[in-house]
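**Q** Below: sequence and its predicted model.
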Amino acid sequence: MARNALKVKQAKLNARREKALAEGKTMKHATKYYNRCKLCGRANSYFRDFGICRVCLRKYAREWLIVGLKKASW
């Protein structure tokens, strides 16, 4: 689980980023923005295709909740 302080910091950065995009400007310090898992808030091992981290990806793939994803075996 991500720390609450990091979630708050990321929410502020997201708000600033959205405001800059709405005004047609570029965000100052754009490299501070990083992706987070939509389910648990984890920043590392994020899969862009699904928008979630590897831990949540494995959990939902095991429960067959992600369409088109299956465990490989050979």
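**A** Arrived safely. All values reported here derive from a predicted model rather than from experimental measurement.
**Q** can you give me the strands for this protein?
**A** 46-47, 52-53 (DSSP state E).
**Q** Which of these sits closest to L13?
**A** Closest to L13 of the strands of the chain is strand 46-47 (C-beta to C-beta; 15.3 Å). For the C-beta atoms, the positions are set from N, CA and C on the backbone; glycine is no exception.
**Q** Output the contacting helices and strands for the closest one.
**A** Judged by 3 or more C-beta pairs under 8 Å, 6 or more residues apart in numbering; DSSP states H and E, strand 46-47 is in contact with strand 52-53.
**Q** what does the strand it packs on contact?
**A** Identification of contacts with strand 52-53 by C-beta atoms under 8 Å, 6 or more residues apart in numbering yields C37, K38, L39, C40, R42, N44, S45, Y46, F47, Y60.
**Q** And for the residue lying closest to the second one once chain neighbours are set aside, the neighbour number?
**A** It refers to K38. In this structure, K38 finds its nearest non-sequential neighbour in G51, 5.1 Å apart by C-beta to C-beta, 6 or more residues apart in numbering. For G51, the count of nearby residues is 14 (other C-beta atoms under 10 Å).
**Q** And K7, by the same measure?
**A** 14.
**Q** just checking, it touches G41?
**A** Yes: contact criterion C-beta atoms under 8 Å: K7 and G41 qualify, at 5.3 Å.
**Q** Between the contacts of strand 52-53, which sits nearest A22?
**A** In terms of C-beta to C-beta, no member of these lies closer to A22 than K38, at 21.7 Å.
**Q** Could you measure from that closest one over to K25?
**A** Using C-beta to C-beta, to the nearest Å, we find K38 at a distance of 26 Å from K25.
**Q** Of the two, give the one with the bigger neighbour count.
**A** The neighbour count for K38 versus K25, taken as other C-beta under 10 Å, is higher for K38 (12 against 9).
**Q** Provide a list of residues in contact with N44.
**A** Counting by C-beta under 8 Å, 6+ apart, N44 makes contact with C53.
**Q** pLDDT score assigned to it?
**A** We have a pLDDT of 86 for N44.
**Q** For it, give its distance to L65.
**A** Taking C-beta to C-beta, one finds N44 at 22 Å from L65.
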